[in-house]
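Trainee: Below are the sequence and a predicted model; questions follow.
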Amino acid sequence: MTATQTQGGRSGEPRRGFGETWAKAILMGEHSVVYGYPAVAMPIQTLKMHAWAAPADDSAAGGSSAGNRRSHRGGQGTLRALGYYGPLAQAPAQFGGLIRAVQVASEFAGCAGRGFDIVTRSDFPAGRGLGSSAAASGAVIRAVLDACGVEACADQLVALTNEAEIVTHGNPSGLDTVTTSGEHPVLFARGDMQRVDVRLPAYLVIADSGIAGSTRQAVGAVQGRYERDRRTVHAILENLGDLARQSADDLEQGGLDSLGRCMNDAHNLLDALRVSHPVVNALVRTARSNGALGAKMTGGGLGGCIIALAPDDRSARHIRRALLEAGAPAVWVHPLNRLDIEVAQHAGGPGEFEAADFRDDDAAATRGSRGDKARAKVRGMRGADSGANAGASARADAESAGRELDASIRG
């Protein structure tokens with residue numbers, strides 16, 4: 001890969017840089033895609049991931065030990081992300097992908113050995129099946145390249161991000177990398193990706209269960225069941241693959257009702273694989289009973305988010321309110337139509353959501369007694385998973401850090 005200097009680019013010292021990606025959602029094909037069946041993934045461009053990269057103060061690092069850190073863990077500098085603020089080289093293991101992202105971007109840009117202070121800020125939580133690791137790595141890579149005054153083409157950015165994703169996921173398919181920076185849904189099958197052109201003036205309502213999912217655990221559980229009852233699990237996976245193909249056709253042909261039925265069927269099959277969660281199932285039922293044409297879990301499962309299909313903006317808002325009252329800590333509305341996406345982005349900020357996003361349940365209590373009772377019920381259903389609420393304060397810390405660096409960049 002060869003870097004390209006930006007027009008009027010900077011040949012001297014790096015300066016502050018900025019990078020942006022977004023969330024993604026698996027519309028159809030979770031788990032079956034692992035066995036070679038197709039999946040459909042959608043970029044959620046109204047939920048952003050931002051990253052800033054600023055040259056580190058080398059004088060603060062000091063001596064040969066700093067050089068050792070540069071060679072082993074991606075260079076000098078600091079990281080502010082998901083509640084962590086400290087030396088990049090000493091960041092917890094969960095940030096290994098970001099450390100690698102800084103390293104590969106610096107090497108690509110010809111800035112190897114330079115340190116960067118990195119801040120990430122996200123409109124969506126981690127661990128919910130929305131592609132946060134690929135989005136964060138992609139945004140950081142773009143920020144470092146911008147800081148170094150270097151451009152990369154789309155294929156180069158995908159390759160760089162996949163190098164970081166290897167640290168996080170071991171053997172990534174590349175699907176998250178493509179959709180967290182692409183503009184169109186993708187039909188993915190056995191390594192091949194095809195663009196899907198959407199012709200549906202509809203909306204996706206995305207609701208957070210408040211529970212961090214575990215793709216690794218869910219995939220392992222499905223594999224175990226496949227080995228014990230190959231015939232039954234094979235039939236489920238094959239049906240999920242058929243639904244993925246049908247959903248791609250529905251997106252391109254405007255098959256709104258058909259797509260809704262596919263989503264309902266897919267969720268029922270995934271629940272039969274035991275990769276859903278009682279809280280997720282309750283939110284799915286709430287969406288369906290409040291006008292959603294279809295609703296399902298999205299991502300690896302055992303927590304995470306649901307997606308619901310709404311035929312119009314009014315229906316989407318109604319479903320959103322119902323999900324919030326049912327205890328979902330955050331709900332967003334994302335248009336499927338390309339023009340509506342551009343309008344939503346121009347308006348600024350993520351799709352419709354309540355101020356309670358990523359706050360503690362107590363801080364969100366002003367939504368009223370119905371919401372209070374629903375949240376209390378959901379907390380009871382979460383049981384041992386209640387520790388996931390720690391992600392709320394972590395997201396708040398990341399937002400605060402992002403605002404601080406944002407202010408310094410603008411200053």
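Mentor: Looks like it came in fine.
Trainee: Which helix runs longest in this structure?
Mentor: helix 230-253 (DSSP state H).
Trainee: Any idea how far that one is from the middle of the chain?
Mentor: Mean-position distance between helix 230-253 and its chain equals 23 Å (C-alpha atoms, centre = their mean, to the nearest Å).
Trainee: Need the CA coordinates for that helix. PDB is fine.
Mentor: In PDB, the C-alpha atoms belonging to helix 230-253 read as follows (Å, rounded to 0.1, in the frame of the first residue of the first chain):
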ATOM      1  CA  ARG A 230     -26.700 -31.400  13.300                       C
ATOM      2  CA  ARG A 231     -30.000 -32.000  11.500                       C
ATOM      3  CA  THR A 232     -32.100 -29.500  13.500                       C
ATOM      4  CA  VAL A 233     -29.500 -26.800  13.600                       C
ATOM      5  CA  HIS A 234     -28.600 -27.200  10.000                       C
ATOM      6  CA  ALA A 235     -32.300 -26.700   9.000                       C
ATOM      7  CA  ILE A 236     -32.400 -23.500  11.100                       C
ATOM      8  CA  LEU A 237     -29.200 -22.100   9.600                       C
ATOM      9  CA  GLU A 238     -30.400 -22.900   6.100                       C
ATOM     10  CA  ASN A 239     -33.700 -21.100   6.700                       C
ATOM     11  CA  LEU A 240     -31.800 -18.100   8.100                       C
ATOM     12  CA  GLY A 241     -29.800 -18.000   4.900                       C
ATOM     13  CA  ASP A 242     -32.900 -18.100   2.800                       C
ATOM     14  CA  LEU A 243     -34.400 -15.200   4.800                       C
ATOM     15  CA  ALA A 244     -31.200 -13.200   4.200                       C
ATOM     16  CA  ARG A 245     -31.500 -13.600   0.400                       C
ATOM     17  CA  GLN A 246     -35.200 -12.700   0.500                       C
ATOM     18  CA  SER A 247     -34.500  -9.600   2.700                       C
ATOM     19  CA  ALA A 248     -32.000  -8.300   0.100                       C
ATOM     20  CA  ASP A 249     -34.600  -8.700  -2.600                       C
ATOM     21  CA  ASP A 250     -37.200  -7.000  -0.400                       C
ATOM     22  CA  LEU A 251     -34.900  -4.000   0.100                       C
ATOM     23  CA  GLU A 252     -34.300  -3.600  -3.600                       C
ATOM     24  CA  GLN A 253     -37.900  -4.300  -4.700                       C
END
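Trainee: Outside of it itself, list whatever touches it.
Mentor: 27-33, 35, 37-40, 185, 187, 196-200, 222, 225-226, 255-256, 258-259, 262-263, 265-266, 269-270, 272-273, 336 (C-beta atoms under 8 Å, 6 or more residues apart in numbering). C-beta: built from backbone N, CA, C; applies to glycine.
Trainee: Gly303: what's it in contact with?
Mentor: Per C-beta under 8 Å, 6+ apart, neighbours of Gly303: Gly127, Arg128, Ser209, Ile211, Ala212, Gly213, Ser214, His277, Val279, Val280, Asp385, Ala388.
Trainee: Quick check: Phe173 touching Gly191?
Mentor: Rather than Phe, residue 173 is Ser. Yes: using C-beta atoms under 8 Å, Ser173 is in contact with Gly191, at 7.3 Å.
Trainee: ok, these two, which is more surrounded?
Mentor: The neighbour count for Ser173 versus Gly191, taken as other C-beta atoms under 10 Å, is higher for Ser173 (18 against 9).
Trainee: and that one, that's in a strand?
Mentor: No: with DSSP: H, G, I helix; E, B strand; the rest coil as the criterion, Ser173 is coil rather than part of a strand.
Trainee: so what's Arg190 up against?
Mentor: Going by C-beta under 8 Å, 6+ apart, the list of residues near Arg190 reads Gly36.
Trainee: what does Ala316 give?
Mentor: Tyr203, Val205, Ala310, Val333, Glu352.
Trainee: separation between it and Tyr203?
Mentor: 4 Å (C-beta to C-beta, to the nearest Å).
Trainee: Need the overlap of contacts for these two.
Mentor: Common neighbours of Ala316 and Tyr203 (C-beta under 8 Å, 6+ apart) are Ala310, Val333.
Trainee: what about the helices in this protein?
Mentor: 58-61, 63-73, 96-109, 132-147, 154-169, 175-179, 215-228, 230-253, 256-272, 278-289, 313-325, 338-347, 369-382, 390-410.
Trainee: okay, the ones you listed, which one's buried deepest?
Mentor: Most buried of the helices of the chain, by mean neighbour count (mean count of other C-beta atoms under 10 Å): helix 132-147, with a mean of 29.
Trainee: which residues does the nearest residue to Leu47 once chain neighbours are set aside form a beta bridge with?
Mentor: In space, and not counting its chain neighbours, Leu47 is closest to Ala23: 4.0 Å by C-beta to C-beta, 6 or more residues apart in numbering. Per DSSP bridges, the residues bridged to Ala23 are Ile44.
Trainee: can you list the weak-confidence ranges in the stretch 251-400 of the chain?
Mentor: 339-340, 344-400 (pLDDT under 70).
Trainee: again, only this time at 90
Mentor: 300, 337-400 (pLDDT under 90).
Trainee: now swap in the stretch 101-250 of the chain and tell me
Mentor: Ranges of the stretch 101-250 of the chain meeting pLDDT under 90: 111-114, 127, 166-176, 189-192, 199-201, 213-219.
Trainee: Apply 80 and report the result again.
Mentor: Across the stretch 101-250 of the chain, the ranges flagged by pLDDT under 80 are 169-174.
Trainee: if we can go back for a sec, okay, the contacts of Ala316 in CSV with distance to Ala89 and neighbour count next?
Mentor: Shown next, in CSV, are these (distance: C-beta to C-beta, whole Å; neighbours: other C-beta atoms under 10 Å):
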residue, distance to Ala89, neighbour count
Tyr203, 43, 27
Val205, 41, 29
Ala310, 46, 28
Val333, 40, 21
Glu352, 40, 18
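Trainee: Please produce CSV containing the contacts of Gly303, extended by distance to Asp249.
Mentor: Formatted as CSV, the contacts of Gly303 follow (distance: C-beta to C-beta, whole Å):
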residue, distance to Asp249
Gly127, 32
Arg128, 28
Ser209, 29
Ile211, 32
Ala212, 33
Gly213, 28
Ser214, 32
His277, 29
Val279, 32
Val280, 26
Asp385, 36
Ala388, 36
